[in-house]
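Enquirer: got a predicted structure here, sequence first:
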Amino acid sequence: MMDFVFGWVRVKPGKRPEFMKLMPAHLAKQRAIPGVLWLEFNESFEDPDVITLSAGFENAQAHAAQVAGDADIVAKLEEIGVDGRFENISADTKRIDVLKFDGSARKQQLAHPPANAV
């Protein structure tokens, strides 16, 4: 079953350009993971400190592999981020994850793996 994620990341005031500069290399690496159908980060039209996320995966295993490869970007968000909200949707599961970038975001993220990724 396919997995989808729609999310929003809030960074500290003025830090969005720094985050977006990291995206080309990060996205190239993440999009190369088998089963990642798309992964996009875009600047919000309404809020200069928000980045939107849209992702699609062939299955929960591909989603889990992408999350496993997120350590570098989550580490950067621990420095420049405030919080993030991610709506995880599959055929049998709908879940909202909220991360606080307070030094524990990676631990928070790994505590809630994609459904059926085992």
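Expert: Good, I have the coordinates. Residues are numbered from 1 along each chain as shown.
Enquirer: for the closest residue to Arg10 other than its chain neighbours, give its distance to Val11.
Expert: Nearest residue to Arg10 in three dimensions, chain neighbours excluded: Val82, at 4.4 Å (Cβ to Cβ, 6 or more residues apart in numbering). Just so you know, the C-beta spots here come from the backbone N, C-alpha and C atoms, and that holds for glycine as well. Distance, Val82 to Val11, by Cβ to Cβ, to the nearest Å: 6 Å.
Enquirer: with Gly69 instead?
Expert: Distance of Gly69 to Val11, given as Cβ to Cβ: 20 Å.
Enquirer: more crowded one of these two?
Expert: More crowded of Gly69 and Val11, by other Cβ atoms under 10 Å: Val11, with 24 against 15.
Enquirer: just the strands from the protein, written as ranges.
Expert: For the chain, strands defined by DSSP state E occupy the ranges 3-11, 36-43, 50-57, 81-90, 94-100.
Enquirer: can you lay out these as JSON lines showing mean pLDDT and distance to Pro113?
Expert: Conversion of the strands of the chain to JSON lines gives the following (pLDDT from 0 to 100; distance: least, Cβ to Cβ, whole Å):
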{"stretch": "strand 3-11", "mean pLDDT": "96", "distance to Pro113": "11"}
{"stretch": "strand 36-43", "mean pLDDT": "96", "distance to Pro113": "16"}
{"stretch": "strand 50-57", "mean pLDDT": "97", "distance to Pro113": "13"}
{"stretch": "strand 81-90", "mean pLDDT": "93", "distance to Pro113": "10"}
{"stretch": "strand 94-100", "mean pLDDT": "89", "distance to Pro113": "10"}
